[in-house]
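1. no sequence for this one, just the structure:
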C-alpha cells in the first residue's frame, strides 16, 4: 500500500504535520517508535495514580492558528492559566510576579519602586518586539544564498518588514537578538532576583548562561501570547503536555490520518535522489510519495538516510549542527504540598511557577559548572505543581511536582550513569528543600531524567529538547543548515517538520504546520 | 491584594453600597450611599469630602528642584513663586502627553508634584546632571478634597484660620485639628474647593476634624461616581478615559499632544529647553489635527429618538466612559469619551475629540445613542468648556 | 577665527582635523594633556588614510611582527605563526598534521570575510532605513559583493559573525595552543569569554586589514606623525587646553568653554572623547531627550585589560608572546571577571620592543567587587604577570628591572578611557555598525546640531586607527570626498 505521505516520529510537530496534510485530503501514515505518541510532550503515569508530563511541563505558545485550524479544543485540549511566578530568596523573603497588574506592581514596589514602574515600560517594549517578530515566526525562511526569484522575493519581504518597523524598533529588535539577557535586563531593572528570574527564561534549553550574548531574545517568549490578543495559548494543559499531543493526534485521525505506534523506522528508502518510502526495524517496507521527518536532523540525515545519499557540504553542516542537551527533569510524587519558608502554607503561589533563581550570579554559576563538564551543584529550576491546577494529575490529597532543571550537560564528565543520575536528583531536591524544608519527607516517588535519559527514551539527540540549540547561528535560514531551512532536503520527496527547523522548539507546532504548507505547495 | 487608603477605617463603614472600585492599586468608594446622587449635589450645594489619596505624589527638593520640573513640564516652573500651584501636562520627546497633574511650590527649593500615573522613573531619567532629590511620597501622604460652596467655611472652622487670602491655585500651610497640613485651592470639580495634604499617619484625626467642623454645613463623604459628573461639567479630562499616556500607547493614534487636548495654554514655548519643546513648537506652527471640546446633546433630538420606541429618554445619571462616535453628516469626525446627564444644568453633556475644523464652537454635529439595541444619532452642539463655571470657583 | 573645533588630540581627533583642514576649514584641536602620550601602539591604519595624510613622510613606521605570535607548547618549545603562510603551515604541522592541513582553507575563508568587512569600515555604517538612493545602492553593492564571494561566504557571514570563537575553532582545529592563539584574538578587549557569542566577530574585526593567516596587528612607531600631518595642513593644536563644556545655543553647537574660563566660538565641534563624556559630561542634559540619555548611559565599556610595562635588563627572546594554553584557560579567566575579580590565571599578550615588554593582561576589572584598586593590589597583579611570563620564558623574571601596572581604572584616569576601555565601547554585536555608539549617533551626528563624534566610540571602532576620524570628517563635510 502506498501512502501520499509518511511522517516519521509522532511528536507534536509530526502530528501537526500529519493533521494538516490529512486535512488537505492526503493519505497520511504516522510512524511512532514508542507505544504512545507525543515525543517529549507526553503524560505518563510513572507511579500509580501520579501522572507526570515526563519531559516537558508547560505549553509554550502553541500556535493559535493550529488550535483553530485543527479545532484542538474540540479534541480535548484545555489550557489552564499559569499566572504567577515566585522566586524564593535566600533571606526568607521572595519576589513575586503576579498576573493582576495592581498586585504585581505592589509586590515589585516593595523590592524596588523604580523597577515597579520600569516593569510596565518593559512590558510595552516587549509587546512591540513580539509584534515585530511574530511575522518572522510564521515565515518560511528564504535562502540567502539563492538567486531564485522566490528567495529573492522572500529576502525583499524580510527587509521590507524590517524597514517598516522604523529605525527605533528595528534597533531595539537588533539589540534583543544580540545581547545577553542579563545585559538587556540590566538596562531596565535593578532588582537582582527579578533579573535572574526573567533571564532564566532566556537560557531554557540552551547551553548558555544569562550573561551569554544571544540569550535576550528568548525573553520575548512570555509576551508572544499577548499579541495573539491574550489568546492564552501559554499555560498548563489539563492532563499534562501529553494531552496536547493526544488532542493533535485525535484531530489528525479525524481528518483521516493513520497513526501506528510501536513502529520504529530504520531507514529512509532512497532511489536516485528521491525518497520513496521507509523501512521499519523489523524489515517491513512502506512506500510513500513523500516522506516527512519529525525527528531531529542528526537522526534523520545521519541515521535514517545515510551520508552516502547526501551531498558532502550538507552532511558537514548537519554534523556541525549543535545539540548539546543541557537540561534535565525531576518529577516528584508528593504526599503533601511543599511548604515554602518564604510563603508558608497553601496559597495562590502554589498554582504558579516557582523559580529557583535568586540572583544572576546564581544562574551564571550554575552555567559555569556545566561549562566544565559537571551538572550544576546548585541548579536553576523552574518548578510547577500541576496537581494544584489540575487535580486529576494525582490521587486526592496528594500532589505531583514538575521540576525543569538546568544545567545537566549531556557531555557530563565520565558520562551519565545511575549513580550520577541520583546525585543530580539529590542536588535538585537538596536545593529545593532549602526553600521548602518539608520537601524530602513529602517525596513518595522520584523520577530523574538526564539528557542521556531523554535521548534514550525519546530519541532527541543529546537530550536537547529543542532538537538543536536555539543559538543565533542555527536559527531561521540557518536551521538546520543554510539552503535547507525551508523544510526541504537535498532529496526530492524528503521533508523535515520537527523543531530542528524554523522556528525551533517549545510546544509550538509551527514547524509542523509550515512544513505541511510547503509540502502541499510542492504538489505532494 | 489591593491597598487601602489611610482613611479606610472611616470610609469602609460608610460605604453601605459596597460599591468599591480600583484606583492606582487602592480600593476607593464609587459611592458611599446606595446612589451617588446626593453626593453629587453636595459638591454643588454644600460640601463634598473625597478621599483622593491614590494620586501619585512626589516631593522634589534641592538646589535644582525647579530646574528638574522645568525640564519635564510644559509650563514655566522657574517663574513660580512659593505658594503657587500650576496645573500642567508633561510630554515625551515627540510632544505627546505623558500625564497631567499639578506642581506646587511649597518652598524655594521644595515642590510637590501630583500625577495620575506613576512618574518616579520619568523624573529620575530627566534628573541627569542635576542636584536634586526625588521622593515618592504617594503612600506617605494622604489627601482629601473638600469641594463645594461651603468648603471654605468648613476649612476655616476646622483650621481656625482665615482662608479668604488663599487664592485660586495657591497653597498654604495650616493646622487642622492641631495637625500640620498643607491646603491647596485646587480640585477636580470646577467649583470652589480645596485639597488637604497630610501625613498618612494623621489621616483619621484629620478626617474626624473635618467631619466635625463640616457636619453643620452638610459635609458629605463623596465617591468617584459623583466626582465624575462634576468633572465633566467642569470640562476636565481624565487619563485612560479621555486620553492615553504616550507611555502606554501601542500605536501613534493613541497619543495626544496638549494642543489636541485643549491644553495649548499650558504649553510655554518661550522658556528654556524641556522634553518635547521642539515638537510642540512645530505643532503650534502648523496647528493641531484634533481638538478636545464639549458637546451638548439637543434635548428634542434625544427625546425624539426614545419617543419613536415609546420610551422616555434614558439619561446617564452615572457618567459613562466609553468611545462613542460623533458624526458630521454621514462621516464620522470624532468620538466622545466621557458623557453624563448634568443634574444641575439639566443637560446631556459629553467631552469629545473632533478632527480639524469640526471642533469650532457652535458646530452642529450628531452623537451616537443606542436606543433599544439600535444605533441612533442625536443632534449635538459644540460648546466651549467648562460647561459650568461659577464665580465662586475663583472668588 | 576657527571654523571647527576638535576635542582631543588622539589619532582620530587629529585625523578628523587633518581632513577638515584638507577641505579648507580652519581647525583647532584642543587637548587637555600637556604632552603626547600614546596608550596603544598596535592597530591597522587604512591605506587611504596612510596615503592622504602622507604619514610616512611625517615619520610613521609600521612594523609587522614576524612571527606574529609565539605561544609556549605544553611539551616545551613554542608554536610560532608567521607572516608567510607556508611557514605557519610547517610550524603547525609539527604539532598537529590535521590542523596544518586545515590552516590554508581556514585562513582563506577568514580572509574573505575580513575583506568583506573591510569594505564596511572606511565608510559610515550601513543604514537599512535610508531613503537615499545612494545608500540603497551601497547596500545592494555590499550584498552583491558578498554574493560574488560565493555561497560559502554568505553562509559564513551569517553563521560566523554571531558565533562564539570557541565553536568556530572547535569546528576547525584540534590543537589547544593553536586554538588559544586564535581564541585570545576573539576575546581581546571585550568582557566575554571564548564561549560567548560575538567573539568570532571580534577575531574577524581584529583581522581586517591584516594579510591572510595573520591574526595580530602590527606595531607602529612615530607617535607624532599624526599631529605633524595635521599641523602640516594648517591645523592648530593646543595642548593643556581642557574643555569644560560645549556651548549650546538654541539646540546648536556654538563653541566650547575651557577650564581656564576662555570661550572659543565655532559653528562645528567634533569630539573624539567617548560618548558619555562628551554628551553627558560636556553638554547640558536639558538639550538631550531622556531616552537618548538612557541609551548613552547604557553603553557597555567594561574595560578588562590591564597594561603592564616591564623593563628588562636584556631584550627577551620573543617579539610577541601569548600566555594562555587553552580555550578553557581563557574561559576560566573570563569567569573571574564576571564576578568582579582579577583572573587568578590571566591571559597575557606580551609585545617586546627592545628590552621593554608591553603586556596586555586579561581579565582585570575596572571596579573590583570586593575592595578597591590600591598599590598592594596593583603590585600583586604585577607579581602575577611576572610569574606567569617567567614560567613561559625561563630567565625573564630576574631580569625585570622596572615595572608599571596600569589597571583599567588607571587607564580611565590617565587616558580618558571610559571604564578603562580603550575602544570607548566594547565591540559586542549590539555595539557595532549602526548601533555604535548608540543608533542616534551612528552617523557621527548627535542630537545637538553641529556637534559630532569622531573617536573610537563610533564605527568602525577601536583597533582601526583613524577610520572613525576619517568617516566623521566625511560626514561633517556633507558626505563629499
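-> Received the coordinates, thanks. Everything quoted here is computed from the prediction, not taken from an experiment.
2. what's the closest non-adjacent residue to residue 49?
-> I went with chain A, as the question did not name one. residue A:395 (4.1 Å; CB to CB, 6 or more residues apart in numbering or on different chains). Yep, even glycine has a C-beta here, placed from its N, CA and C like the rest.
3. not quite, I wanted chain C
-> residue C:466 (4.4 Å).
4. need the contact list for the spatially closest residue to residue B:219 that is not a sequence neighbour.
-> Counting by CB to CB, 6+ apart, residue B:219 lies nearest to residue B:47, which is 4.9 Å off, once chain neighbours are set aside. Residue B:47 is in contact with B:146-151, B:154, B:214, B:217-220, counting by CB atoms under 8 Å, 6 or more residues apart in numbering or on different chains.
5. so how far is stretch A:362-377 from its chain's centroid?
-> Relative to its parent chain, stretch A:362-377 has a centroid offset of 21 Å by CA atoms, centre = their mean, to the nearest Å.
6. would it count as contacting chain C?
-> Yes: using CB under 8 Å from any CB of the partner chain, a contact is recorded between stretch A:362-377 and chain C, made by A:364, A:368, A:371-372.
7. okay, the residues you listed in CSV with neighbour count and pLDDT next?
-> As requested, those are exported to CSV (neighbours: other CB atoms under 10 Å in any protein chain shown; pLDDT from 0 to 100):
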residue, neighbour count, pLDDT
A:364, 22, 97
A:368, 19, 97
A:371, 19, 96
A:372, 12, 96
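8. restricted to helices, list those.
-> The helices, defined by DSSP state H, take in A:364, A:368, A:371 from the residues of stretch A:362-377 next to chain C.
9. so the last one touches residue C:330, yeah?
-> No: assessed by CB atoms under 8 Å, residue A:371 is found out of contact with residue C:330, at 11.7 Å.
10. so residue 331: helix, strand or coil?
-> No chain in the question, so chain A it is. Under the three-state scheme (DSSP: H, G, I helix; E, B strand; the rest coil), residue A:331 adopts strand.
11. for it, give me the pLDDT.
-> As predicted, residue A:331 sits at a pLDDT of 97.
12. ok, it - contacts?
-> Residue A:331 neighbours (CB under 8 Å, 6+ apart): A:46, A:52, A:54, A:400-403, A:446-447, A:449.
13. re the thing from before, from chain C, how far off is the residue nearest to residue B:219?
-> 41 Å (CB to the nearest CB, to the nearest Å).
14. same deal with residue B:393?
-> 35 Å.
15. for the stretch 101-250 of chain C, what lies in contact range of chain A?
-> With the criterion set to CB under 8 Å from any CB, the stretch 101-250 of chain C comes near chain A through C:128-129, C:147, C:151, C:154-155, C:158-160, C:162-163, C:167, C:171, C:192, C:195-198.
16. buried set for the helix ranked longest in chain C?
-> In chain C, with assignment by DSSP H, the single longest helix is helix C:97-121. Across helix C:97-121, burial judged by 16 or more other CB atoms under 10 Å in any protein chain shown covers C:99-100, C:102-103, C:106-107, C:109-118, C:120-121.
17. and for stretch A:184-199?
-> For stretch A:184-199, using 16+ other CB under 10 Å, the buried residues are A:184-186, A:188-189, A:191-199.
18. what's the domain layout of the chain?
-> Defaulting to chain A. A:2-38+A:56-76+A:237-321+A:469-521, A:113-190+A:201-233 (automatic domain parsing).
19. hm, I was asking about chain C
-> If you go by automatic domain parsing, chain C breaks into C:4-63+C:221-300+C:424-476, C:69-214, C:305-365+C:367-406.
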